[in-house]
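J.: The following comprises the amino acid sequence and a computationally predicted model.
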Amino acid sequence: MEREIDLKQISDGKRYSANDMVKAGCNDCAGCSLCCQGMGDSIILDPYDLDSLEKGLGVTFEKLMQENKIELNVVDGIIQPNIKMQDESAGNSDSRCAFLSKEGRCTVHSFRPGFCRMFPLGRIYEEENFHYFLQVHECPYPNKTKVKVKKWLGVPKLSEYESYIKRWHYFLKDVQKVIKEAENDVVIKNINMHMLQQFYIKPYGDDFFLEFDQRMNEERLVFMHGTGT
């Protein structure tokens, strides 16, 4: 999601890499699940997130949609899935993540989405790269401890993951340009349906990063022609 931000207002003003120490440790969120509640449609899922959920839960994209665990929304002109918040019907006054237990614990923690892994960190993209930054007003847990960013993220094959994140982010920006220049709504719809099918609905095998790269290379050829179909 594209946001215009002033790092001085929301962060400690620093940019972090995977090997840096950051004051984010919160004792395993003991007794707290505030960041899993009232998030609206902001927990956007990238293809790696969706693949991890599907494999971790042993379900398909379609099943997650049917069970109201995820939903689709337009983000910067592109249809993308996000975690669906559950409302009062779940017995809570506030909406909460579909994967949050009644005890306030994450039921998909070992394969949780990147958004959740980072929090309260965020990413800032600059010059075809990105850095992490610490959102100092988001998590109320007191007396946070220092932890290495890569340990906080807990992502296997972190270097491959970060390379993938960059490729996906800048590919989406290219697709956004194609959509803005599209002649009509039918073309825009076709682009979005194609993106959903190729990167989310179509399952990945054992090597996500290899298969993603193959799909990305194929799709770049498609979008060079500006058709998206």
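T.: Arrived safely. Just so it is clear, the structure is predicted and the values come from calculations on it, not from any experiment.

J.: Looking at per-residue confidence, what score does R117 get?
T.: If you check R117, the pLDDT there is 95.

J.: can I have the host helix or strand of it written out in PDB, keeping just the CAs?
T.: Using DSSP states H and E, the element containing R117 is helix 114-118. Only the C-alpha atoms of helix 114-118 are listed here, as PDB (Å, rounded to 0.1, in the frame of the first residue of the first chain):
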ATOM      1  CA  GLY A 114       4.800 -10.500   6.500                       C
ATOM      2  CA  PHE A 115       2.800  -7.500   7.800                       C
ATOM      3  CA  CYS A 116       2.400  -9.300  11.100                       C
ATOM      4  CA  ARG A 117       6.000 -10.500  11.200                       C
ATOM      5  CA  MET A 118       7.300  -6.900  10.900                       C
END
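
J.: can you give me the offset of it from its chain's centre?
T.: Offset of helix 114-118 from its chain centre (Cα atoms, centre = their mean, to the nearest Å): 7 Å.

J.: What's the local residue count around E126?
T.: Using other Cβ atoms under 10 Å, the number of residues around E126 comes to 8. Yep, even glycine has a C-beta here, placed from its N, CA and C like the rest.

J.: actually L153, not the one I typed
T.: Using other Cβ under 10 Å, L153 is surrounded by 17 other residues.

J.: quick one: pLDDT of V74?
T.: What the model reports for V74 is a pLDDT of 94.

J.: ok, the helix or strand hosting it: who's next to it in the sheet?
T.: Secondary structure assignment for V74, by DSSP H and E: strand 70-75. Counting by DSSP bridges, the strands paired with strand 70-75 are strand 78-83 (antiparallel).

J.: So which other helices or strands are in contact with the next helix or strand after the partner strand?
T.: Downstream of strand 78-83, the next assigned helix or strand under DSSP H and E is strand 85-86. Packing partners of strand 85-86 (3 or more Cβ pairs under 8 Å, 6 or more residues apart in numbering; DSSP states H and E): strand 96-97.

J.: helices or strands next to the strand it packs on in the packing?
T.: Using 3+ Cβ pairs under 8 Å, 6+ apart: strand 96-97 touches strand 85-86.

J.: Do a quick rundown of the strands in the chain.
T.: 21-25, 70-75, 78-83, 85-86, 96-97, 121-126, 129-134, 145-148 (DSSP state E).
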